[in-house]
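Novice: output the structure for:
(2 chains)
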2 protein chains.
Amino acid sequence: MTHCGAEGRLSAAAMRRVREAVSHVINFYKADLRSIRFTLYEHLKVDRLFELERYAHLNREECDAVIDQCYRFVCEVIGPLNPLGDQLGCQFENGVVRTPPGFREAWQKLFELGFPTFTMPLEVDGLGGPHAVGVILQELQSGANTAFTMYPELTRGAADLIAHFGLPDQRQMFLPPMLQGRFSGTMCLSEPQAGSDVGMAKTRATPLGGNLYRIQGTKCWISSGDHDLAENIVHLVLARIDGAPSGTKGLSLFIVPKIWVEPDGSLGEPNDVVTASIEHKMGIRASATAVLNFGESGKCRGILVGGEPHMGIKQMFRMMNGARIAVGVQGLAIASTAYLNALQYARQRLQGSSVRHFKDPDAPRVPILEHSDVRRMLLEMKAKVEGMRTLAVKLAWHMDMALALEKTDPGRSAYHLGQVDLLTPLIKAYCSDQAFRITELAIQTYGGAGYVRDNPVEQYCRDAKIFSIYEGTNHIQALDLVARKLHQHGGENFRNFLHELKDFCGQYASLRGLGAEVRLLREAVQSLEEAALGLMDFFLSGKVDQVTLVANWFLESMAEVAIAHLLLDAARVAEERQMQATDSDSEPSATDSDFYQGKIMAAKFFAQRCLPLTRARTIMLLSPDRSALDIPDAGFSTEF
Amino acid sequence: MTHCGAEGRLSAAAMRRVREAVSHVINFYKADLRSIRFTLYEHLKVDRLFELERYAHLNREECDAVIDQCYRFVCEVIGPLNPLGDQLGCQFENGVVRTPPGFREAWQKLFELGFPTFTMPLEVDGLGGPHAVGVILQELQSGANTAFTMYPELTRGAADLIAHFGLPDQRQMFLPPMLQGRFSGTMCLSEPQAGSDVGMAKTRATPLGGNLYRIQGTKCWISSGDHDLAENIVHLVLARIDGAPSGTKGLSLFIVPKIWVEPDGSLGEPNDVVTASIEHKMGIRASATAVLNFGESGKCRGILVGGEPHMGIKQMFRMMNGARIAVGVQGLAIASTAYLNALQYARQRLQGSSVRHFKDPDAPRVPILEHSDVRRMLLEMKAKVEGMRTLAVKLAWHMDMALALEKTDPGRSAYHLGQVDLLTPLIKAYCSDQAFRITELAIQTYGGAGYVRDNPVEQYCRDAKIFSIYEGTNHIQALDLVARKLHQHGGENFRNFLHELKDFCGQYASLRGLGAEVRLLREAVQSLEEAALGLMDFFLSGKVDQVTLVANWFLESMAEVAIAHLLLDAARVAEERQMQATDSDSEPSATDSDFYQGKIMAAKFFAQRCLPLTRARTIMLLSPDRSALDIPDAGFSTEF
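Specialist: Next up is the predicted model:
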């Protein structure tokens, strides 16, 4: 008998006491909707999507209403469940997983409101909304309650996979209940011996005729692998059909329902999927991470997705790419609410006097927001959060453009799809690493108050640590970038990326008030290009180990260059808006002016205080130094 | 009724189940004694201390025996209590704090073995051992069980303060029971409105005649503030005598026993010190962090330390400086065991094939230690851990030299004391920040396995987060460095520090195999010196806010330059030892060779892969950029 999160099973009395203790908990989640709308409409102008046929059934007002409604929902319903879920975790007893109190009701409400189907195509009864807006809905949900949101997010991803690759009868059988929240979904890749090394999966699939197979094997680290939120769970399981080749190319993908679904859609017998245990995790403790045994009694049946064998890894990659973006958005989401909570604390907490009166013990106390060091931390958080959000929305917008132009302009559609491919590893790895950093800064802003459960930031920090690991560790992302994405289509995606940045630098190197920063970006772009060429040299001279050595650093540098560009571009827009306001009859409001100044200062800070380090790292990664490769294994320690 | 760490009070049955669940727990703690001995003897040659009168009663063999004995003790006794303590935390009920099972026995055993008195002077029945060895004993204890070790460490610090500033009768009454572990100690500075801003303390002391005062006030964040390990707790409380000036200069220090001690040393009545609550923390959950109410019933009495009023902050600073070094050592300690656990995992975990066969799915699986990225993470951890340890031992050695030469050579003694002063903020802030980074790398090395309680690294990460906050946040350390320590004695301490580094660079710029790295250090030293001058310019031109803005960065750069120097110096010694072995008749053993190569590669890695970033940061901190200072407050967010 094991337990997820909770320290031993709580007695009914202890449970009651805990619930009482947290009943006063208010929602900690915060989102800056004004800043979000700036990114969507003033900066990236995603409302132009509504001029395209694919999105013409929607408009900005409707999307804004969905965002507002979603924010209300997360603040009222899932936000207050976040600390509670963390404290209680999931319970596992007698083979059954129970989610924390309130999760079932929240799940039902969520599907009633329809957020999970916002970006699903109209053809499958989705709302057909743009991903650029969908990514904000993801942010709001993941930020308010990361652990809870993993259940619907995996369901959405699994439904999308079935919608895309499933045969008509598979779609018909599984999609409606998944989109209604009656069934949930998972992705089952990892096995004890096959983590990053997916191709080592041993789970077997034995033909039973047609698209039916007998499934046998153990999967682990399965998020949402078992729970009590839905009537049924649709596992998407990678397995090897008897006789298939080794490695990833021999894997096929199966729909393996927890409870068998009869042709009429009714639930049949349990499908021999047994939950062996759930993990005791550092964070996201209300998300059940299960070890699942498929076919222990030889009675587990799976349905081959799309009826095509050996396509498993390709099919799964559709879900995985979505999940990678979603993990990046999780990082952004936690970073953002951590920032805003730290900001609020810094406005309220009085401590110390102004630096101007530091020798006078009787000088008035000031909010810590006045202290340089606190401002430094907050502006770093702000710049990174807003930069990451802009990158996420831009990636999603590329996705929308690719879809919208799919039929009318395949060339431009391919361009946008190429940028999605290129940016996916950046968003996954950079936002996940930075989420941890930013929660660290948030804790530091609070001081001791950040280290205790009374405030949300220590949970944010614990929750965020998993992002750099799951859905492909950040090194897997870096390998994907340097070994695949940089070279895709003969390097065209990367050239297009650089081209956009160089264009910007060329156009704005003398921009009023931001020229120096644009020139810093130009230098960083140049270093990045040199680094990419240097990596190529390593490859060509057979020094592949030297490429893998520095791949993470390259990814980090590229992400920071991308973000610096977007922040500066946002600052340029903010400058324009301020000037327009000044030119117009009405004076700009002080609030507006402060808002736009915030955008400009965030860009300046990132360019002046982060980019120089980015550039040094970019140059450093071309060093021929081989110390980490050449050190004898025993040189790490002769004792262990 | 509140609880520390535990999720609600555990029922007896739940407690039994948790104890069963952890009864199989083995000790996770690991220390590399070979590497520790290298630092002590081969590199820093601390055994030369035994030639000085103050340490002549000891020798290397005896000190080694103490280290060995301490390592055995921590692995057998307090190491296995570490995960258990984390899970159960402290319990607080009916005003009483209970530490986790096993802590009392461990406490008694620890004081029987005498480690807490190792560095205490012979005059007070200590062992009079050098701090250079004492710091290693601290490392072993803090690494094996950070939370547990806070109780004896605070006791040691409080005893040291009383030994130094106490009147003879104060020493006689409190020292022996503290050194025997019958009484424990605390430091009571913080109050709800006075955290970093100690001078705002409101706790009052009203004269009762002689050195007795009535104490009234609330102290919070008191580590080891209440527990069941000792018969009595000796609180050292900062309070303001009625009519004293405001600010830190009006504070006095009082011995406030939890239970009054009669003149014959027997315990009298409780002294009106009430534990109001204990905190629910992210980590170090077995260390009770208490809110204490002194004199709620007007019956709390305190004894003025040394009989001198208004000397409180000066007296407390002795304990605080010790505590700051101890926090740095906590960081080193957790970083070291996190590194060694990650290393062991990397040797055992098979995943993926060699990069040479990356296209062959049937290539043999290899330990992840073979992957470049894992080697990169491990070598960064190793270099930083060993660099931090060398810095800690060197600081302690300066302390020993200062003490040893106090009477015979006041000039050189002052030199060494100056280096202690200068290095204290570095060790506190840098080691605490890096501990968090290194545990992050350790988790990443484990992958998903690092995120769950089955392995120790997630606890290490949670425990380590407090280090950057308590005993003066890292920004307080940075202010101490840039506003005080750099200028102490007309800047002589800092000049001496630079002089030693420049000497080294001058002497070894052409060192066989390490010349390029020494030259990288030379450039970094030069940038550091320029940065220090630049900070001075900011000061002189009235831009104090610009100094406080970048103070943390300056500290980080200075610490990294110091560490690069020590790592390169260690590598130089390792080269020499290898050459000596080659020159001698006997071939060097393969193990020896690997060990010394490890030292050389760690230095190369740090110089080639970290110093370039250090230097970029050092240069960047002189940027005139004022974005973080000039952003309007509302610019951070107009919504919150």
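Novice: give me the phi and psi angles of the spatially closest residue to A:Lys394 that is not a sequence neighbour.
Specialist: Nearest in space to A:Lys394, with sequence neighbours left out and distances taken as CB to CB, 6 or more residues apart in numbering or on different chains, is A:Leu44 at 6.1 Å. Heads up, the C-betas are built off the backbone N, CA and C, glycines and all. Taking degrees, to the nearest 10, you get phi -90, psi -10 for the backbone angles of A:Leu44.
Novice: for A:Leu44, give me its contacts.
Specialist: For A:Leu44, the contacting residues are A:132, A:390, A:393-394, A:397, taking CB atoms under 8 Å, 6 or more residues apart in numbering or on different chains as the criterion.
Novice: do the same with A:Val273
Specialist: Residues near A:Val273 by CB under 8 Å, 6+ apart: A:233, A:235, A:256, A:258, A:292-294, A:300.
Novice: who does A:Val96 bridge with?
Specialist: Per DSSP bridges, the residues bridged to A:Val96 are A:Glu93.
Novice: do I have it right that it meets A:His227?
Specialist: No. In this structure, A:Val96 is not within contact of A:His227 by CB atoms under 8 Å, at 9.5 Å.
Novice: out of the two, which sits in the busier spot?
Specialist: Taking neighbours as other CB atoms under 10 Å in any protein chain shown, A:Val96 and A:His227 compare with A:His227 leading, 25 against 11.
Novice: pretty sure that one sits in a strand.
Specialist: No. Applying DSSP: H, G, I helix; E, B strand; the rest coil, one finds A:His227 to be coil, outside a strand.
Novice: ok, it touching A:Ala286?
Specialist: No. In this structure, A:His227 sits apart from A:Ala286 without contact. The criterion is CB under 8 Å, and the distance is 9.7 Å.
Novice: any common contacting residues for these two?
Specialist: Common neighbours of A:His227 and A:Ala286 are listed as A:90, A:99, A:103 (criterion: CB under 8 Å, 6+ apart).
Novice: A:Ala286 is in contact with the first one, correct?
Specialist: Spelled out, that is A:Cys90. Yes. Using CB under 8 Å, A:Cys90 is in contact with A:Ala286, at 6.2 Å.
Novice: what about those two, which has more around it?
Specialist: A:Ala286 (30 against 27).
Novice: OK, contacts around the residue nearest to A:Phe118 when sequence neighbours are not counted?
Specialist: When the adjacent residues along the chain are set aside, A:Phe118 lies closest to A:Gly129, with 4.5 Å between them (CB to CB, 6+ apart). A:Gly129 is in contact with A:55, A:58, A:63, A:66, A:118-119, counting by CB under 8 Å, 6+ apart.
Novice: so A:Gly129, which of the three states?
Specialist: coil.
Novice: the closest residue to chain B within the stretch 301-450 of chain A in helix, strand or coil?
Specialist: The shortest separation between the stretch 301-450 of chain A and chain B is 2.6 Å, found at A:Pro361 (distances taken as CB to the nearest CB). Following three-state DSSP, the label given to A:Pro361 is coil.
Novice: what's the lengthiest strand in chain A packed up against?
Specialist: Taking DSSP state E as the criterion, chain A has its longest strand at strand A:212-223. Using 3 or more CB pairs under 8 Å, 6 or more residues apart in numbering or on different chains; DSSP states H and E, the elements in contact with strand A:212-223 are strand A:183-188, strand A:204-209, strand A:232-241, strand A:251-257, strand A:289-294, strand A:301-304.
Novice: buried sites along it?
Specialist: Taking 16 or more other CB atoms under 10 Å in any protein chain shown as the basis for neighbour counts, the residues of strand A:212-223 that come out buried are A:213-223.
Novice: residues touching A:Glu471, list them.
Specialist: A:Glu471 touches A:320, A:323-324, A:326-327, A:428, counting by CB under 8 Å, 6+ apart.
Novice: of those residues, which belong to helices?
Specialist: Secondary structure from DSSP state H places A:320, A:323-324, A:326-327, A:428 of the contacts of A:Glu471 in helices.
Novice: what about whichever residue of the stretch 451-600 of chain A sits closest to chain B, how many residues nearby?
Specialist: Shortest the stretch 451-600 of chain A-to-chain B distance, computed as CB to the nearest CB: residue-wise this is A:Gly598, at 3.0 Å. A:Gly598 sits with 26 neighbouring residues when counted by other CB under 10 Å.
Novice: show me which residues of the stretch 351-500 of chain A are close to chain B?
Specialist: A:351-352, A:355-356, A:358, A:361-362, A:365, A:369, A:371-373, A:375-376, A:378-379, A:382, A:436, A:440, A:443-444, A:447-448, A:450-454, A:458, A:461-462, A:465-466, A:468-470, A:473-475, A:478 (CB under 8 Å from any CB of the partner chain).
Novice: in strands, which of the residues you listed fall?
Specialist: With strands defined by DSSP E, the entries of these inside them are A:351-352, A:365.
Novice: hmm, who's touching whichever helix or strand A:Leu498 is part of?
Specialist: Secondary structure assigned from DSSP states H and E places A:Leu498 in helix A:488-508. Judged by CB under 8 Å, 6+ apart, the contacts made with helix A:488-508 from elsewhere in the structure are A:415, A:418-419, A:421-422, A:485-487, A:514-515, A:518-519, A:521-522, A:525, A:528-529, A:532, A:561-562, A:565, A:568-569, A:572.
Novice: also stretch A:593-602?
Specialist: Under the criterion CB under 8 Å, 6+ apart, residues A:34-35, A:38, A:379, A:382-383, A:386-387, A:513-514, A:567, A:570-571, A:573-575, A:577-578, A:581, B:627-628, B:630-638 lie in contact with stretch A:593-602.
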